[in-house]
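Trainee: I would like the atomic coordinates for the input below:
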Amino acid sequence: MATKTNAVRLVEQAGLHCRETSYEFDESDLSGTHAAESIGMPPEQVFKTLVARGEKTGINVFCIPVCCELNLKKAAKAAGDKNMELVAVKELLGLTGYIRGGCSPVGMKKKYPTFFDETCVLWDEIAVSAGARGQQMIVPPEGLAELVSAKMVDLTE
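Mentor: Alright, predicted model coming up:
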């Protein structure tokens, strides 16, 4: 197991039960479905972290199952905005401190409004990026949402 990431340390400091898992990642396939397959979890239980910019609200964070697409209209509505668009990959590190394929909802540079797809509560545990490519943390969704002050809403197509 690789060294603990900052995201994992923050989750543990908050007293949340957390299991870490790692997998071999492929630069040419940073998809969440590859991550889910690699750690042996259904894609509906593994959540990707997407960063988007609202016209009025600025940066927002959305966590959705890796098998789904973010519905930008639903995302904008959840954030109280008219329009929402995903940020360019080149902006991700500067905004969050994370790179594509390793973006965690925990431990970003700033505290952004965060939203989890409501399906996360269907599971006792969900997997999210631990803040590095090839590393996932498996945590209870309600506790994770509370830690990052996330709202649970319908976000997917």
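Trainee: mind listing the residues bridging to the residue positioned nearest the centre of the chain?
Mentor: Within the chain, one residue has its C-alpha closest to the average C-alpha position: by C-alpha atoms, centre = their mean, that is Thr49, at 2.7 Å. When bridges are assigned using DSSP bridges, the partners listed for Thr49 are Cys63.
Trainee: kindly report the same for Phe116.
Mentor: Cys63, Met152.
Trainee: least confident secondary structure element in this protein?
Mentor: Of all helical and strand segments in the chain, the minimum by mean pLDDT, DSSP states H and E falls on helix 32-39, at a mean of 87.
Trainee: please list the residues outside it that contact it.
Mentor: Contacts to helix 32-39, defined as C-beta atoms under 8 Å, 6 or more residues apart in numbering, come from residues 21, 23-26, 42-43, 45-48, 65-67, 127, 136. From N, CA and C alone the C-beta is placed, and that goes for glycine too.
Trainee: ok, now stretch 136-143?
Mentor: With contacts defined as C-beta under 8 Å, 6+ apart, stretch 136-143 is touched by 7-8, 11, 14, 16-23, 35, 39, 41, 46, 104, 116, 120-121, 123-130.
Trainee: in it, which of the residues would be classed as buried?
Mentor: Neighbour-count burial for stretch 136-143, with 16 or more other C-beta atoms under 10 Å as criterion, is recorded at Gln136, Met137, Ile138, Val139, Pro140, Pro141.
Trainee: and of the residues you listed, the nearest to Ser31?
Mentor: Taking C-beta to C-beta as the measure, Ser31 lies nearest Gln136 of the buried residues of stretch 136-143, at 13.3 Å.
Trainee: just to revisit the earlier point, show me which of the contacts of stretch 136-143 are buried.
Mentor: Using 16+ other C-beta under 10 Å as the burial test, the contacts of stretch 136-143 include 7-8, 11, 16, 18, 20-21, 23, 35, 39, 41, 46, 104, 116, 120, 123, 125-130 as buried.
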